[in-house]
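1. quick one, structure for this:
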Amino acid sequence: MSNTPYLAVFELDETLIAADSASLWSEHIAEKGLAPENQIAEEHELISAYAKGTMDMDRYMQATLKPIIGMDRRTLTQLVAEFVEEKIKPALYNDAISRIQWHKQRGDKVLVISATGEHLVKPIAKLLGADDAIAINLEQINGIITGRTTGTLSYQQGKVTRMKAWIAEQDIQFKGSYGYSDSINDLPMLDAVDRPFAVNPDPALALHAQMQDWTIMDWRHENNILR
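-> Now for the predicted structure:
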């Protein structure tokens, strides 16, 4: 095994899991009575713009963080742990887990990157065995969630900005990089890696991948979801 690893970058929603984690989260906290019923409808309306690449990420984060404003970190951590167990574990793609394990066995570093809040992404990345995660950072004051975000949002070109900053902080030089995503929103990230893979691609990404002769992987086939 080489001492110089590759970097494997995975998008989260619809790539590693058969769902959108933020949507599942909205449903989960609504079930717990922590969010109004119209929260789910508003979230679904906003997420529809994501598929078109026209989402207002600031507005989306304001809407989805509203129910946890004023919550302390410990309470949020417990709530997210329940969420990961009840909603995320059953939605994991077997092929995604196998691909992460393939990279780990080679000695590669695995990074999950997502345009979802860090409170959800980091525990899911840990569950998947990733080395680290990049997500939208939440502002906290004295351990209390304010409902605001901080820093560069890890969305579209912002993912590349955050990824490059993360790489610069590492004490190793990567031999090369792999990238996996389902969404046309992640075209900047896929263009930034050496070996891009279109996983469960939306129509726009599928077309682009075909034109660029990228490898297309479909992890959505029957019996591939952990139930």
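
2. show me what the helix or strand encompassing residue 105 is in contact with.
-> Assessed by DSSP states H and E, residue 105 sits inside helix 94-106. Outside helix 94-106, the residues that touch it by C-beta atoms under 8 Å, 6 or more residues apart in numbering are 1, 5-6, 8, 10, 15-17, 110, 128-130, 178, 180, 199, 217, 219, 224-226. The way it works is simple: take the backbone N, C-alpha and C, and place the C-beta from them, glycine included.

3. next one: stretch 132-142
-> Taking C-beta under 8 Å, 6+ apart as the rule, stretch 132-142 contacts 57, 61, 65, 73, 109, 111-122, 124-126, 145-151, 153-155, 159, 162-163, 166.

4. again, 7 Å this time
-> Outside stretch 132-142, the residues that touch it by C-beta atoms under 7 Å, 6 or more residues apart in numbering are 61, 73, 111-119, 121-122, 125, 145-146, 148-151, 153-154, 162-163, 166.

5. inside helices: which ones of these?
-> 61, 73, 118, 119, 121, 122, 125, 162, 163, 166 (DSSP state H).

6. what residues does the helix or strand of the chain with the lowest mean pLDDT touch?
-> For the chain, using mean pLDDT, DSSP states H and E, the weakest element among its helices and strands is helix 37-52, scoring a mean of 73. Residues outside helix 37-52 that contact it (C-beta under 7 Å, 6+ apart): 20, 22-23, 26-27, 30, 55, 59-60, 63-64, 67, 185, 202.

7. try it again with 6 Å
-> The contact list for helix 37-52, computed with C-beta atoms under 6 Å, 6 or more residues apart in numbering, reads 26, 30, 55, 60, 63.

8. just the CA trace of it, in PDB.
-> What follows is helix 37-52, C-alpha atoms only, in PDB (Å, rounded to 0.1, in the frame of the first residue of the first chain):
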ATOM      1  CA  GLU A  37     -46.800  20.800   9.800                       C
ATOM      2  CA  ASN A  38     -46.200  23.500   7.200                       C
ATOM      3  CA  GLN A  39     -42.400  23.200   7.800                       C
ATOM      4  CA  ILE A  40     -42.400  20.100   5.700                       C
ATOM      5  CA  ALA A  41     -44.400  21.700   2.900                       C
ATOM      6  CA  GLU A  42     -42.100  24.700   2.900                       C
ATOM      7  CA  GLU A  43     -39.000  22.500   2.900                       C
ATOM      8  CA  HIS A  44     -40.300  20.500   0.000                       C
ATOM      9  CA  GLU A  45     -41.100  23.600  -2.000                       C
ATOM     10  CA  LEU A  46     -37.600  25.000  -1.400                       C
ATOM     11  CA  ILE A  47     -35.900  21.700  -2.200                       C
ATOM     12  CA  SER A  48     -37.600  21.500  -5.600                       C
ATOM     13  CA  ALA A  49     -35.500  24.500  -6.600                       C
ATOM     14  CA  TYR A  50     -32.300  22.400  -5.700                       C
ATOM     15  CA  ALA A  51     -33.000  20.000  -8.600                       C
ATOM     16  CA  LYS A  52     -33.000  22.900 -11.000                       C
END
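
9. going by neighbour count, which residues in it are buried?
-> Across helix 37-52, burial judged by 16 or more other C-beta atoms under 10 Å covers 39, 40, 42, 43, 46, 47, 50.

10. now render those as TSV, adding distance to residue 171.
-> Listed next are the buried residues of helix 37-52 as TSV, based on distance: C-beta to C-beta, whole Å:
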residue	distance to residue 171
39	42
40	43
42	43
43	39
46	39
47	37
50	35
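
11. which of the residues you listed lies closest to residue 86?
-> residue 40 (16.3 Å; C-beta to C-beta).
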